[in-house]
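Student: What would the 3D arrangement of this be:
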Amino acid sequence: MNLFEQMTDFVRAQVAAINPAWPLDRITVETPKDPTHGEMATNAAMVLAKEAGMPPRQLAEQIAEKLRAHPQVAEVTLAGPGFINIKFKPEFWRTLVPDILRAGATFGTSDIGQGEKVNVEFVSANPTGPMHAGHVRGAVIGDAVVRLLRAAGYDVTAEYYFNDAGAQVDVLARTAYLRYREALGETVEIPEGFYPGEYLKDVGAALAARDGKKWLDKNETEWLVPIRTFAVDEMMKMIREDLALIGIRHDVFTNERELVEGGLLETAFKILDDKGLIYVGMLPPPKGKEMDDWEPAELTLFRSSQFGDNSDRPLKKRDGSWTYAMPDIAYHLDKIQRGFTTLINVWGTDHMAYQDRIKPAVTVFSDGKARLDVIFNNMVKVFKNGEPVKLSKRSGNIITLREMVEQVGAGAVRFMMLTRDPKSPLDFDFAKVVEQSKDNPVFYVQYAHARICSVMRHAAEAVADLKTDDAALAQADLAHLDAPAEIAMIRKLSEWPRIVAAAAQVHEPHRIAFYLQDLAAELHALWTAGKDDAQLRFILPDQPEKTRARLALLRASALVIAAGLGIIGVEPAQQM
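Tutor: Residues are numbered from 1 along each chain as shown. This is a model prediction of the structure:
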């Protein structure tokens, strides 16, 4: 049950009783920013004042009088120019607990997505090395978006796109060739600009084991392509294994080389040309840059400025070859041809300007029916032994995903990556992530769930014949939940369906992590209250019905915490 939806329906019904012709879809019921104002608030009078032909405050009085008729409404007050604040009787909130227990893991899920086909492309690191800390944040964000949207009823495909056609994979092949020779007994030196990481030793050894000395006396023209293919395959296998360590599995892997060789770039170009959006012209010099060697030149341009870009974009270089953006433009055509109407890309902030080049093409290819949303994730600063660690594949100085998981666990890695808005930088301190304190959000939330599990285990021992399965707890007499802290806990639980829906609509899974921390705070406050007042303890052996009611609340809380952790991709702790 979504209590906010229930009240929204009630408010709209009361407004319709005043005037059935008024539009109701703009009426919302939210949590007031100031908790002293009430437990829910509606904007009904504010959004309908024009249709009503009266001041919002006057209309609010009429609506408030109708709302007071609700049997579980305790108080309705007005605020400001016409906001309506509502407080409820405790029984209104208590009805939620058995509903959560009956719904179980499905509480909070919805069908707001209505099966819309969504493509979430994330990670998409070039196959030149293992996953490191710089990749992990985008990987977790992308996977959490996938889980979140599926919980909200969308048909989601998780996709990985990798560039296996650029110059960097030729560098990978040449480095792998040196490691291959090393595996066959030669002493080699890795030149500047190659990949010096130890991980390519395994690739060289695997190649030597497969092909023996086959490539030793060959020219580069003979070994470059087959060794490049072998090295890319080995790197992608390593990347898949690394991502699996934190529970990430993509549905689709797409590579640039296949798109290029399949002629998709030419197809995309022709679509734009057939729509009259390609022309040959000259662009002005880049703004804000001093370029002494800049010379005007005729280029093949896409009229992207007609679709929100700040400039038309070249699709071909002066020599007639494709520009850097063209494969990505064609790749998004491929997504649209596969039927996706929402395209979500998770990129680093260094690509922020790049979205302006892709969005116009998405608009053109889909005739405005598809939209592209880019989630930008800022850098991760890793600290080890109190010192920042510089991440660089080329220098070989990296903290790998595997190392992070081995030191702090997959769940801790995932949760920490969602503790800040993606656009903000994030510090990952190995020492703090394993710290057992309220300042560590991972521990704080997991400890809340583990505490509930501990109470449930002890209750079965302390109270004779006490049934603690969900069905039995759903039958508890919840009138025993009368402490303000208990009602506050239920109110926080009531927000869960709204949090999931809102986070899904704006593609912000970090809202889930924020909510879980708030919910954990409510649980720990309940625990502390019981330490200070024996009558507020969860287990009262001489009061089995009150105990059962409190266990029902705890179990409902555990279900919501577990559901939230599930969206983040974290296994809830049973004990700590």
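
Student: Just the buried residues of stretch 259-266, please?
Tutor: Buried residues in stretch 259-266, defined by neighbour count with 16 or more other C-beta atoms under 10 Å: 259, 260, 264, 265. Placement of C-beta: from N, CA and C, glycine included.

Student: from the residues you listed, which ones fall inside strands?
Tutor: Among the buried residues of stretch 259-266, no member falls in strands (DSSP state E).

Student: Take the residues you listed and write them to JSON lines, including distance to residue 422 and pLDDT.
Tutor: Converted to JSON lines, the buried residues of stretch 259-266 look like this (distance: C-beta to C-beta, whole Å; pLDDT from 0 to 100):
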{"residue": "259", "distance to residue 422": "27", "pLDDT": "95"}
{"residue": "260", "distance to residue 422": "30", "pLDDT": "94"}
{"residue": "264", "distance to residue 422": "30", "pLDDT": "97"}
{"residue": "265", "distance to residue 422": "30", "pLDDT": "97"}
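
Student: any chance of those residues in JSON lines, with distance to residue 513 too?
Tutor: Below are those laid out as JSON lines (distance: C-beta to C-beta, whole Å):
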{"residue": "259", "distance to residue 513": "35"}
{"residue": "260", "distance to residue 513": "39"}
{"residue": "264", "distance to residue 513": "38"}
{"residue": "265", "distance to residue 513": "40"}
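
Student: Return the subset of the residues you listed lying in helices.
Tutor: If you go by DSSP state H, the buried residues of stretch 259-266 have 259, 260, 264, 265 in helices.

Student: between those, which is closest to residue 564?
Tutor: residue 259 (37.6 Å; C-beta to C-beta).

Student: need the contact list for that closest one.
Tutor: 265, 327, 330, 331, 334 (C-beta atoms under 8 Å, 6 or more residues apart in numbering).

Student: Just the element for the third one, please.
Tutor: Taking DSSP states H and E as the definition, one finds residue 330 inside helix 325-337.

Student: List the buried residues for that helix?
Tutor: 325, 326, 327, 328, 329, 330, 331, 332, 333, 334, 335, 336.

Student: List the strands paired with the helix or strand just after that helix, with their directions.
Tutor: Where DSSP H and E defines the elements, the next helix or strand beyond helix 325-337 is strand 342-348. Here strand 342-348 has these sheet partners by DSSP bridges: strand 117-121 (parallel), strand 371-377 (parallel).

Student: got the angle between the first one and helix 325-337?
Tutor: Put plainly, it is strand 117-121. 150 degrees (axes from the mean of the first three to the mean of the last three C-alpha atoms, to 10 degrees).

Student: So for strand 117-121, mean pLDDT?
Tutor: For strand 117-121, the mean pLDDT works out to 98.

Student: same thing with stretch 149-165?
Tutor: In this model, stretch 149-165 has an average pLDDT of 95.

Student: And that stretch, how far out from the chain middle?
Tutor: Mean-position distance between stretch 149-165 and its chain equals 12 Å (C-alpha atoms, centre = their mean, to the nearest Å).

Student: Show me what counts as buried in it.
Tutor: 149-154, 156-165.

Student: Of these, which belong to helices?
Tutor: Judged by DSSP H, helices contain the following of these: 149, 150, 151.

Student: Quick one: find the helix or strand in the chain with the lowest mean pLDDT.
Tutor: The weakest-scoring helix or strand in the chain, judged by mean pLDDT, DSSP states H and E, is strand 387-389 (a mean of 82).

Student: Check which helices and strands that one sits against.
Tutor: strand 380-384 (3 or more C-beta pairs under 8 Å, 6 or more residues apart in numbering; DSSP states H and E).

Student: what comes into contact with the strand it packs on?
Tutor: So strand 380-384 is contacted by 133-134, 136-137, 388-389, 391, 399, 417, 425-431 (C-beta under 8 Å, 6+ apart).

Student: in the stretch 101-250 of the chain, which ranges drop under the pLDDT threshold?
Tutor: Counting by pLDDT under 70, the stretch 101-250 of the chain shows no low-confidence range.

Student: what kind of secondary structure is residue 279 in?
Tutor: When classified by DSSP: H, G, I helix; E, B strand; the rest coil, residue 279 comes out as strand.

Student: did I read that right, residue 504 in a strand?
Tutor: No. Using three-state DSSP, the secondary structure at residue 504 is helix, not a strand.

Student: Give the next helix or strand downstream of the helix or strand where residue 169 lies.
Tutor: For residue 169, the element it lies in under DSSP H and E is helix 167-183. Counting by DSSP H and E, the next helix or strand C-terminal to helix 167-183 is helix 199-211.

Student: In the helix holding residue 169, which residues have enough neighbours to count as buried?
Tutor: 168-169, 171-183.

Student: State the three-state secondary structure for residue 130.
Tutor: coil.

Student: you'd agree it is up against residue 237?
Tutor: No. Here residue 130 does not reach residue 237: they are 10.7 Å apart, not a contact under C-beta atoms under 8 Å.

Student: more neighbours, the two?
Tutor: Per other C-beta atoms under 10 Å, whichever of residue 130 and residue 237 has more neighbours is residue 130, with 19 against 13.

Student: gap between the more buried one and residue 194?
Tutor: 16 Å (C-beta to C-beta, to the nearest Å).

Student: who touches residue 570 in this structure?
Tutor: 410, 411, 414, 415, 446.

Student: oh, I was asking about residue 513
Tutor: Residue 513 neighbours (C-beta under 8 Å, 6+ apart): 415, 418, 419, 441, 564, 568.

Student: Determine which two of those are furthest apart.
Tutor: 419 and 564 (13.2 Å).

Student: and those two? which has more neighbours close in?
Tutor: In terms of neighbours (other C-beta under 10 Å), residue 564 is the more surrounded of residue 419 and residue 564; the figures are 25 against 17.

Student: my guess is the more buried one contacts residue 517, does it?
Tutor: No. Applying C-beta under 8 Å as the test, residue 564 and residue 517 come out as separate, 9.9 Å apart.

Student: one step back: would you list the buried residues of helix 325-337 in TSV and tack on pLDDT and distance to residue 229?
Tutor: Below are these laid out as TSV (pLDDT from 0 to 100; distance: C-beta to C-beta, whole Å):
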residue	pLDDT	distance to residue 229
325	91	26
326	95	23
327	94	18
328	94	22
329	96	25
330	97	22
331	97	20
332	98	26
333	98	25
334	98	21
335	98	25
336	98	29
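
Student: Of these, which is the nearest to residue 361?
Tutor: residue 329 (4.5 Å).

Student: which residue packs closest to that closest one, ignoring adjacent ones?
Tutor: With C-beta to C-beta, 6 or more residues apart in numbering as the criterion, residue 329 has its nearest non-adjacent residue at 4.5 Å, and that residue is residue 361.

Student: Check which helix or strand the one you found maps to.
Tutor: helix 355-365.

Student: And for residue 319, the neighbour number?
Tutor: Residue 319 has 5 neighbouring residues, counting by other C-beta under 10 Å.

Student: Tell me how far it lies from residue 300.
Tutor: Distance, residue 319 to residue 300, by C-beta to C-beta: 11 Å.

Student: Same question for residue 270.
Tutor: 13 Å.

Student: what do you get for residue 210?
Tutor: 43 Å.

Student: who has more neighbours, those two?
Tutor: Ranked by neighbour count (other C-beta under 10 Å), residue 210 and residue 300 place residue 300 first, with 19 against 10.

Student: Is that one in contact with residue 277, as I believe?
Tutor: No. Contact criterion C-beta under 8 Å: residue 300 and residue 277 do not qualify, at 11.3 Å.
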